[in-house]
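Trainee: here are the coordinates; sequence isn't available:
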């Protein structure tokens, strides 16, 4: 199959690049260049996602549209995902069987939109396209939300632990007194943030356990 045009997954720190309009005298030029490079890479990545094709010409001619719809539904793709196939096949002057694709998608999305699957996707921090139909939405969305909150809380806790570890390594290597003072200040800030993050993780774990027990689900 041709390249899959999946929606980009944007976790907590996905592409948070901000270029300032004005730069203080003596700024580190290399960091500016690297920031510009990251912005350019992001633009290229999103351009590629916008232009990629879900199917090639041969697949447009031979695909079983019901099976493809079922596959897309089971992957959690929204009903509008067929538009990607329509654009891909349209480039070759080939039609898409929307009806058969939709029949398969209805089967696939019902297999996807379960509370159990919502827990799995949320715990693993996977992207969710808000694709579940109204009659299945509450069960999946509720499970996904509580599990994703737990995932995000753990990510934040782990990130802060990593930052503290890095700063402590810098402190051991630092020789300048002012530099050491600045690093210690940053460590104190991160430790304060970590205490808050640990409390939020505790709450998220409690919410997750309560949801699982209340709804008779497996952890």
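Mentor: Received, thanks. Just so it is clear, the structure is predicted and the values come from calculations on it, not from any experiment.
Trainee: distance of residue 214 relative to residue 113?
Mentor: With distances defined as C-beta to C-beta, to the nearest Å, the gap from residue 214 to residue 113 amounts to 19 Å. Any C-beta I mention is one placed from the backbone N, CA and C, and that applies to glycine too.
Trainee: sorry, slip of the keys, the one I care about is residue 164.
Mentor: In this structure, residue 164 and residue 113 are separated by 40 Å, where distance is defined by C-beta to C-beta.
Trainee: now residue 178
Mentor: Using C-beta to C-beta, one gets 57 Å for the distance from residue 178 to residue 113.
Trainee: what sits closest to residue 215 if chain neighbours are left out?
Mentor: In space, residue 215 comes closest to residue 115 once its chain neighbours are excluded; the distance is 6.2 Å by C-beta to C-beta, 6 or more residues apart in numbering.
Trainee: test my guess that the one you found contacts residue 143.
Mentor: Yes. Look at residue 115 against residue 143 with C-beta atoms under 8 Å: they come within range, at 4.1 Å.
Trainee: intersection of neighbour lists for the two?
Mentor: Between them, residue 115 and residue 143 share these contacting residues under C-beta atoms under 8 Å, 6 or more residues apart in numbering: 215, 217.
Trainee: got the buried residues for the particular helix or strand that has residue 212 in it?
Mentor: Using DSSP states H and E, residue 212 sits within helix 177-214. By neighbour count with 16 or more other C-beta atoms under 10 Å, helix 177-214 contains the buried residues 183, 186-187, 190, 193-194, 197, 200-201, 204, 207-208, 211-212.
Trainee: who are the packing partners of that helix?
Mentor: On a contact count with 3 or more C-beta pairs under 8 Å, 6 or more residues apart in numbering; DSSP states H and E, helix 177-214 meets helix 134-173.
Trainee: ok, now with 10 Å
Mentor: In this structure, helix 177-214 makes packing contacts with helix 115-123, helix 134-173, judged by 3 or more C-beta pairs under 10 Å, 6 or more residues apart in numbering; DSSP states H and E.
Trainee: relative to helix 134-173, how tilted is it?
Mentor: Between the axes of helix 177-214 and helix 134-173, defined by axes from the mean of the first three to the mean of the last three C-alpha atoms, to 10 degrees, the angle is 150 degrees.
Trainee: average pLDDT for helix 177-214?
Mentor: Mean per-residue pLDDT for helix 177-214: 96.
Trainee: same check on stretch 149-165?
Mentor: Mean pLDDT, taken over the full extent of stretch 149-165, equals 97.
Trainee: kindly report the same for stretch 53-61.
Mentor: In this model, stretch 53-61 carries a mean pLDDT of 89.
Trainee: stretch 106-114 too?
Mentor: On average, stretch 106-114 scores 97.
Trainee: returning to that earlier point: pick the most deeply packed of the helices and strands packed on helix 177-214.
Mentor: Across those, averaging neighbours per residue (mean count of other C-beta atoms under 10 Å) puts helix 115-123 on top, at a mean of 20.
Trainee: now for that one, which elements pack on it?
Mentor: Identification of packing neighbours for helix 115-123 by 3+ C-beta pairs under 10 Å, 6+ apart yields helix 98-112, helix 134-173, helix 177-214.
Trainee: please name whichever of those is nearest to residue 121.
Mentor: Smallest distance to residue 121 across these (C-beta to C-beta): 5.7 Å, for helix 134-173.
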